[in-house]
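Peer 1: Make a model of this:
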Amino acid sequence: NSITTLLMIEADISGLRKLGLSDVFSDDWTRTIYSVDASHCTLKPLAVNFPSDEYDVQKICDYAYSRGISITCRGAGTGLLGQSLSTGIILDFTKKMNKILEIGDDYVIVQPGVVKAVLDKELARRNKFIPPDPASSNYCTIGGMLSNNSSGPHGLGYGSIINYVQRVELVYSNGTIGFADQKNYDKKIGEMLKYISSLNVDIKEHYPNVSKNSSGYRLDAVFENNRLNPQKIFVASEGSLGIITSSRISVLDIPEKKSLVILKFENILQAALAVPLILQFRPVAMELLDRGTVIEGWITDDSNSRNSCLMFVEFYGNDGSFYQEVHKFEETLRSKAKILESGYDQKSVDRAWRERKNSLNSAIKKGIGSRKPVGIIEDTVVNPNILHDYLIFLLKLLVTYDLDYVIYGHAGNGNLHLRPIIDFNSKDWRYLMDTIAEKVFKHISKIHGSISGEHGDGLLRTKYVPMMYGATMYDIFKHIKLIFDDKKIMNPGKKVL
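Peer 2: Numbers count the residues shown, from 1 in each chain. Next comes the predicted model:
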């Protein structure tokens, strides 16, 4: 059997080479490198290719479709849930399809392999920006951001990347070309729209009451405010419906004034209680840093600091009364928190965000021996008005299992990045994580939250999608998958099973 399998694999690879593609790698070294990403999953691919253009992508899809081989796209591999892992063909867009094709006054057209930081630099020269700014911005790609519906700290004021996508060009699993914007779309999308309109289902009813969501297929965004946005079905789809080969994305003017206020609360529950009040001042970012993510030098000023919690609150504006409003905010918050720092110039604001980013990167890696922070419930979202109650539920649960944890997050969105610290040497650590995930996601569904705000479902969370959306919606997701990918070869195991 294993000899037959090896012969079939060899035949698949030699067939791929005959397509006239310049870069097909099937050596053990390359396959091992591409068997991991930023998650703790491992899957060894059949082969890796670096496509030059959409015609290469078409050739590969056509071939894979005829042989039933799966195809998975990859950017920087910064996905935390195994999104870019597969046993089939991996398409890495970072080497060749990494170009900015056009920059207009209010849009940019890019290939999927463009790195966000490279695009940011180019746009900044024109005083423009694309607001979503994940922690991995220095190396994550636009293709990956679209696949996950990435967001980041400024998601509070500006929303996720789904808000900015105007048009996508695609290749489907059978090698055909697709396209979608508000006015024009291909036959497959027409079929999907016809199917949805034939259902007697209020789609909005089945979606969470939150400001950011990367779980399931975002049908709610396709039918938003009585406007049709068919291109948005591909955002947050993790490459499971089609392969985006270029996208047109809205860009905004960089605001003239920025201000960052750093607050210190007695503990995380006090910080969560203040969230609704802070939201009244309409900040663009509200970041919580608690256990395990403490920034050196800011928390060592007294002995009661062990449980204290930092909050970064940022404001953007252009009008004359901007700084007065920020002062008003500071005065209002003085009775609830200690103001550690106020930054009004770009340099000090950037420095503070840099320190935050560094502290988070080290916190996520932080571990002692076999005890390490583990992600699975690391991206839940609730309505910010109930964040305090939700935190009590979470902390009680962690106490029940006697677990320490790392916690931070986008408090203004009610989006918490919580990682319990688990001993990988204990034989039941997987069972423990599954048990905790089950309890947390059940609770999330009950309070109309989302199991993922910006990290996606991937290999690890997809099995919980039916719990969040219910059987009716999950069946609709499965039908949509089949409309676009009838052989289920596009990034299998993600979004639907």
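
Peer 1: Just the endpoints, please. Distance across stretch 206-220?
Peer 2: Length of stretch 206-220, first residue to last, CA to CA, to the nearest Å: 9 Å.

Peer 1: Burial check on residue 32, number of neighbours?
Peer 2: 12 (other CB atoms under 10 Å). Using the backbone N, CA and C atoms, a C-beta is placed for each residue, glycine as well.

Peer 1: mind checking pLDDT for it?
Peer 2: pLDDT recorded at residue 32 is 96.

Peer 1: What of the one 3 residues further on?
Peer 2: pLDDT, residue 35: 97.

Peer 1: What sits closest to residue 87 if chain neighbours are left out?
Peer 2: Spatial nearest neighbour of residue 87, excluding adjacent residues (CB to CB, 6 or more residues apart in numbering): residue 43 at 5.7 Å.

Peer 1: Okay, the one you found and residue 156: tell me how far apart.
Peer 2: Applying CB to CB, to the nearest Å, the value for residue 43 to residue 156 is 35 Å.

Peer 1: okay, these two: which has more neighbours?
Peer 2: Set side by side, residue 43 and residue 156 show more neighbours around residue 156, with 25 against 18, by other CB under 10 Å.

Peer 1: Helices along the stretch 151-300 of the chain, start to end?
Peer 2: Remark: helices assigned in the stretch 151-300 of the chain by DSSP state H, counting those that start in this stretch are 155-158, 187-198, 219-222, 268-279.

Peer 1: Now do the buried residues in the first one.
Peer 2: The one in question is helix 155-158. 155, 156, 157, 158 (16 or more other CB atoms under 10 Å).

Peer 1: Once you drop chain neighbours, what's closest to the third one?
Peer 2: It stands for residue 157. Residue 157 sits nearest to residue 284 (CB to CB, 6+ apart), 2.8 Å away.

Peer 1: related to what we said a few turns ago, so what's the residue nearest to residue 87 up against?
Peer 2: 35, 82, 85, 86, 87, 459 (CB atoms under 8 Å, 6 or more residues apart in numbering).

Peer 1: got any ranges where the stretch 351-497 of the chain has weak pLDDT?
Peer 2: 359-367 (pLDDT under 70).

Peer 1: let me redo that: the stretch 1-150 of the chain
Peer 2: 1-8.

Peer 1: Show me the helices in it, by range?
Peer 2: 2-17, 28-33, 54-67, 116-124, 142-148.

Peer 1: buried set for the shortest one?
Peer 2: Across helix 28-33, burial judged by 16+ other CB under 10 Å covers 30, 31.

Peer 1: name the helices or strands packed onto it?
Peer 2: strand 47-49 (3 or more CB pairs under 8 Å, 6 or more residues apart in numbering; DSSP states H and E).

Peer 1: Give the helix, strand or coil label for residue 471.
Peer 2: The three-state label given to residue 471 by DSSP: H, G, I helix; E, B strand; the rest coil is helix.

Peer 1: Burial check on it, number of neighbours?
Peer 2: Around residue 471 there are 8 residues (other CB under 10 Å).

Peer 1: any idea how far it lies from residue 203?
Peer 2: Applying CB to CB to residue 471 and residue 203 gives a distance of 15 Å.

Peer 1: Could you do residue 241 as well?
Peer 2: 17 Å.

Peer 1: With residue 428 instead?
Peer 2: The value you get for residue 428 to residue 203, if CB to CB is used, is 40 Å.

Peer 1: more neighbours, the two?
Peer 2: Each of residue 428 and residue 203 has its neighbours counted (other CB under 10 Å); residue 203 has more, 14 against 10.

Peer 1: Could you pull up the residues touching the residue nearest to the more buried one when sequence neighbours are not counted?
Peer 2: Leaving aside its sequence neighbours, residue 203 sits nearest to residue 219 (CB to CB, 6+ apart; 5.2 Å). Contacts here follow CB under 8 Å, 6+ apart; on that basis residue 219 touches 196, 203, 207, 233, 476, 480.

Peer 1: hmm, 7 Å instead?
Peer 2: 196, 203, 233 (CB atoms under 7 Å, 6 or more residues apart in numbering).

Peer 1: For stretch 490-497, give me every contacting residue.
Peer 2: Here stretch 490-497 makes contact (CB under 7 Å, 6+ apart) with 70-72, 83, 86, 173, 216-217, 237-242, 457-459, 462-463, 465, 477-478, 481.

Peer 1: buried set for that stretch?
Peer 2: 490, 491, 492, 493, 494, 495, 496.

Peer 1: Likewise for stretch 133-144?
Peer 2: Applying 16+ other CB under 10 Å to stretch 133-144 flags 133, 134, 135, 136, 137, 140, 141, 142, 143, 144 as buried.

Peer 1: From start to finish, how long is that stretch in a straight line?
Peer 2: 13 Å.

Peer 1: What sits closest to residue 458 if chain neighbours are left out?
Peer 2: Using CB to CB, 6+ apart, the nearest residue to residue 458 is residue 81, at 2.6 Å.

Peer 1: Also residue 19?
Peer 2: residue 59 (4.8 Å).

Peer 1: That neighbour: neighbouring residues, count only.
Peer 2: Residue 59 has 18 nearby residues by other CB under 10 Å.

Peer 1: Just to check, it is in contact with residue 17?
Peer 2: No: using CB atoms under 7 Å, residue 59 is not in contact with residue 17; the gap is 11.6 Å.

Peer 1: Alpha carbons of stretch 11-31, in CSV - could you do that?
Peer 2: The C-alpha trace of stretch 11-31 is given here as CSV (Å, rounded to 0.1, in the frame of the first residue of the first chain):
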residue,chain,number,x,y,z
ALA,A,11,3.1,10.8,-10.5
ASP,A,12,1.3,13.8,-9.0
ILE,A,13,4.6,15.7,-8.6
SER,A,14,6.0,14.8,-12.0
GLY,A,15,2.6,15.9,-13.5
LEU,A,16,3.0,19.2,-11.7
ARG,A,17,6.5,19.7,-13.2
LYS,A,18,5.1,19.1,-16.7
LEU,A,19,2.9,22.1,-16.4
GLY,A,20,5.9,24.3,-17.2
LEU,A,21,6.0,26.0,-13.8
SER,A,22,9.4,27.3,-12.8
ASP,A,23,9.2,26.6,-9.1
VAL,A,24,7.9,23.2,-7.9
PHE,A,25,9.6,21.9,-4.7
SER,A,26,9.0,18.5,-3.3
ASP,A,27,12.3,17.9,-1.4
ASP,A,28,12.0,16.9,2.2
TRP,A,29,13.7,20.1,3.5
THR,A,30,11.1,22.4,1.8
ARG,A,31,8.2,20.2,2.7
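
Peer 1: Buried residues, it. List them.
Peer 2: 12, 13, 16, 21, 24, 25, 26, 30, 31.

Peer 1: of all those residues, which two lie farthest apart?
Peer 2: Within the buried residues of stretch 11-31, 21 and 31 form the most distant pair, 16.6 Å apart (CB to CB).

Peer 1: which stretches of the stretch 151-300 of the chain form strands?
Peer 2: For the stretch 151-300 of the chain, the strands defined by DSSP state E, counting those that start in this stretch cover 165-171, 177-180, 223-224, 227-228, 243-250, 252-253, 257-265, 285-289.

Peer 1: Please identify the most buried of those.
Peer 2: Highest mean neighbour count among these (mean count of other CB atoms under 10 Å): strand 285-289, with a mean of 25.
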